[in-house]
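Engineer: Provided below are the primary sequence and the corresponding predicted coordinates.
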Amino acid sequence: MSTAAVQPASSTRTQVAIVGGGPAGLMLSHLLHLANIDSVVVDNRAAETIETTHRAGILERDSVRLLVDSGVDRVLRDGHRHEGIDLRFGGVSHRIDFEGLVGASCWLYPQTDVFIDLHARRTADGGDLRYGIGETEVVDVEHSPRIRYADADGVHHEIVADLVIGSDGSRSICRDLVPHPTRYFREYPFAWFGILTESAPSAPELIYTRSERGFALVSQRTESVQRLYFQCEPTEDPSAWSDDRIWAELQARLAGEDGFRLNEGPVIERTVLPFRSFVQTPMRHGRLLLAGDAAHTVPPTGAKGLNLALADVRVLAETIERAVNKKDDAALDTYTERALARVWKAQHFSYWMTSMLHRLEGASDFDEQRQLGELASIVGSQAGSTYLAEGYTGWPQR
Ligand code: PHB
């Protein structure tokens, strides 16, 4: 039933209503709070669900800076600073030294921890966060936005706001409120099989591997948990893989003349991650603005998804501050262009890392040799390595 016909039991007035309480929505709410702008966050998921849904684990330099500068700094204690990555192909590892090349690092800090920190901070600051709601509807985004929803007991509520933000992820309901958008879309003929395993890290930094059997990525979580991925079919059934089969496949992809071996242990979680590139523009319509996956999705190679969402939110917080405090609505007009400038760089970077490292079904001998030539020209050239280092650690934010 549409909630439109129901008289709401409560109506809350706020400056900014945020649909989607993942890391992007919470970071925006936090930044707005620091600028004395009030917001209400709604999300149809339970906070515990977001907290336990494993996503990528790499933060760019400026994502860490945004967290730390806004007073959320557990990443500095519990995160791991990575000064480079390994690119591995032909069974040989080549280090890309980010610090040496561009004077920047990235941080291994899982998205779930970013969520936990921001959720704790907004709660401590008295933020109005409403998780586990249903029947969410966003109406009248052109003039006077309202959100209507039902709480866990089925009671209907309304939020009336000056602005509404759609940070509601890749299955966004908000993006469909932009009339006649342009949508750019690319599917890939593969996916990632991701596992969490109880075993000590196999390497101190990430290893992005191109092998004849397909891509593999070695990442970490804690002293006793690793995060590993390997390229698979999009239709792959995770339950069809025994632990032994998973380990045999990963070991084969990482094998090389240096005798590298992964530390093995029980597989405690397995998922197949879809691969997609997507952009919707404009990112604003009337008093609705989109942020993060609601407006764009990248494939996970290069871990740009969360970083891009945080970069959107930084620009968005500034834009909203100008629009609200200085009563300057023209500021809203600049958002799409500012956000998209970074989005398309990240789209290219994610696409490039993906195509350089994955095995394409039906690739010719020429294609394979060309791919190896590309990798050799990246690791063998300061200019090539610098390009990768700059994109990976994140282009400076403007
Ligand atoms: C992860 O640790 O989950 C991770 C790291 C780098 C990526 C993707 C995922 O490119």
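Structural biologist: Great, that's in hand.
Engineer: what number of residues lie near residue 232?
Structural biologist: 20 (other CB atoms under 10 Å). Heads up, the C-betas are built off the backbone N, CA and C, glycines and all.
Engineer: For the protein, give me the ranges with low pLDDT.
Structural biologist: Applying pLDDT under 70 to the chain picks out residues 1-5, 398.
Engineer: So the longest helix anywhere in it, near the ligand or not?
Structural biologist: Within the chain, and with DSSP state H defining each element, the longest helix by residue count is helix 335-357. No: judged by CB under 6 Å from any ligand atom, helix 335-357 stays clear of the ligand, getting no closer than 7.7 Å.
Engineer: same thing with stretch 267-274?
Structural biologist: No: if you take CB under 6 Å from any ligand atom as the test, stretch 267-274 misses the ligand, and the best it gets is 8.8 Å.
Engineer: and the longest helix of the chain, which residues are buried?
Structural biologist: Buried residues in helix 335-357, counted by 16 or more other CB atoms under 10 Å: 335-336, 338-340, 342-343, 346-347, 349-354, 356-357.
Engineer: How about stretch 238-250?
Structural biologist: Buried, per 16+ other CB under 10 Å, within stretch 238-250: 241, 246-247, 249-250.
Engineer: can you check stretch 250-261 too?
Structural biologist: For stretch 250-261, by 16+ other CB under 10 Å, it's 250, 253-255, 260.
Engineer: again with stretch 167-184
Structural biologist: Buried, per 16+ other CB under 10 Å, within stretch 167-184: 167-169, 172-175, 177-178, 181.
Engineer: same question, stretch 224-231
Structural biologist: By neighbour count with 16+ other CB under 10 Å, stretch 224-231 contains the buried residues 225-231.
Engineer: so which of the residues you listed comes closest to the ligand?
Structural biologist: Of all the buried residues of stretch 224-231, the ligand sits closest to residue 227, with 4.6 Å by CB to the nearest ligand atom.
Engineer: Contacts only, for the closest one.
Structural biologist: Under the criterion of CB atoms under 8 Å, 6 or more residues apart in numbering, the neighbours of residue 227 are 54, 57, 194-196, 219-221.
Engineer: Now, these that are in helices?
Structural biologist: Among the contacts of residue 227, no member falls in helices (DSSP H).
Engineer: Tell me which ones among those residues also neighbour the ligand, please.
Structural biologist: 57, 219.
Engineer: Just put the contacts of residue 227 in TSV and tack on neighbour count.
Structural biologist: Formatted as TSV, these follow (neighbours: other CB atoms under 10 Å):
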residue	neighbour count
54	16
57	22
194	22
195	22
196	18
219	24
220	21
221	18
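Engineer: and which of the contacts of residue 227 is nearest to residue 129?
Structural biologist: For these, the residue nearest residue 129 by CB to CB is residue 54; the value is 21.6 Å.
Engineer: The ligand contacts on the stretch 101-250 of the chain?
Structural biologist: Going by CB under 6 Å from any ligand atom, the residues of the stretch 101-250 of the chain near the ligand are 206, 219, 227.
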